[in-house]
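Asker: Have a look; sequence and predicted model below, questions after that.
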Amino acid sequence: MKLGVPSKGRLKKEVLSWFNHKGVEIITSEDDRSYAAKVTGFSDIQLFFLPPVEIPTLLSKGVLDLGVTGQDLIEEKIPEWDNYVKELKKLGIGHADLVIAVPEFWVDVSNLEDLDEVAKIFRNKIGFRLRIATKYHNLARKYLKKFGMTDYMLIDSQGATEGLIKNEVAEVVIDITSTGQTFKSNNLKILPIDPIIKSEVALFASLKRKQKIMLDQNKSFFKKLSINLLD
């Protein structure tokens, strides 16, 4: 069985700690940059350290049997995700919200209706579409389409999204946040509406492999995690 977990940083440490707390001990190299590790007592489990953003696609294709990643990334990377993967267990870590943020001086913008009006002004009076910086293109489009907002264009951003407004590359940001502090530091305000998605880190299973077979072959592993694949 192939298991993918986050490859570095605080998230890696928190995920490994969660498994260890459940009685599934993952031994890693003392060198934090090493990708060598083993799952004690489960020699048939192959462990792969991967960027969380890559894990959803590998699960959907069946390259991984299990994977730990954010719910936001699953929904972003896999349209109709529940046809391809199954959420087995929330880990209680990595809580964050996908939100919309605008410049603080946009004092009259406090909801999507206001943002839609600004978008129309940009199109009709300034001559170009409102630019929204995000790495969550699918979730952003789906959310804005549901509301009926169309006068915008998405600007791809894979890092430091908040700084793109300061650099006049975009006017609005859609990004993940846990505290909102980064937005405040960049003179942005989060629209006081429900998040596009509330996310946390979870363990997912690929539906490419028969769940009963995976359970029969790894009963003790799933028992330690208090997971019944057939639920």
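Answerer: Yep, it's here.
Asker: counting contacts, what elements does the lowest-mean-pLDDT helix or strand in the chain pack onto?
Answerer: Using mean pLDDT, DSSP states H and E, helix 163-166 stands out as the lowest-scoring helix or strand of the chain, at a mean of 76. Contacts defined by 3 or more C-beta pairs under 8 Å, 6 or more residues apart in numbering; DSSP states H and E place helix 163-166 against strand 172-177. No exception for glycine: its C-beta is placed from N, CA and C like everyone else's.
Asker: what lines up beside the strand it packs on in the sheet?
Answerer: strand 96-103 (antiparallel), strand 130-134 (parallel) (DSSP bridges).
Asker: Buried deepest among these, which one?
Answerer: Comparing the strands paired with strand 172-177 by mean neighbour count (mean count of other C-beta atoms under 10 Å), strand 130-134 ranks first with a mean of 23.
Asker: so how far is it from its chain's centroid?
Answerer: 19 Å (C-alpha atoms, centre = their mean, to the nearest Å).
Asker: Now the element after that strand, going C-ward?
Answerer: helix 137-147 (DSSP states H and E).
Asker: Low-confidence stretches in the protein?
Answerer: Within the chain, the segments meeting pLDDT under 70 span 29-36.
Asker: Show me the strands in it, by range?
Answerer: Secondary structure of the chain, counting by DSSP state E: strands at 2-6, 26-28, 37-39, 46-50, 66-70, 85-90, 96-103, 130-134, 152-156, 172-177, 188-190, 197-199, 201-206.
Asker: circling back to that earlier point, which stretch among the strands paired with strand 172-177 comes nearest Lys212?
Answerer: Of all the strands paired with strand 172-177, strand 96-103 sits nearest to Lys212, with 33.8 Å by C-beta to C-beta.
Asker: about what we covered before: turn the strands of the chain into TSV, columns for distance to Gly163.
Answerer: Formatted as TSV, the strands of the chain follow (distance: least, C-beta to C-beta, whole Å):
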stretch	distance to Gly163
strand 2-6	24
strand 26-28	33
strand 37-39	35
strand 46-50	27
strand 66-70	22
strand 85-90	31
strand 96-103	12
strand 130-134	9
strand 152-156	12
strand 172-177	9
strand 188-190	10
strand 197-199	22
strand 201-206	26
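Asker: Packed most tightly, which of the ones you listed would that be?
Answerer: Using mean count of other C-beta under 10 Å, strand 66-70 ranks as the most buried of those, with a mean of 28.
Asker: So what touches that strand?
Answerer: Residues from elsewhere that reach strand 66-70 (C-beta atoms under 8 Å, 6 or more residues apart in numbering): 1-6, 15, 50, 52-53, 55-56, 58-59, 85, 88, 91, 94, 96, 176, 199-206.
Asker: One more pass at 6 Å, please.
Answerer: With contacts defined as C-beta atoms under 6 Å, 6 or more residues apart in numbering, strand 66-70 is touched by 3-5, 15, 52, 55, 59, 94, 199, 201, 203-205.
Asker: If the closest residue to Val5 other than its chain neighbours is in a bridge, with which residues?
Answerer: Closest residue to Val5 apart from its sequence neighbours, by C-beta to C-beta, 6 or more residues apart in numbering: Val68 at 4.8 Å. Residues in a beta bridge with Val68, per DSSP bridges, are Leu203.
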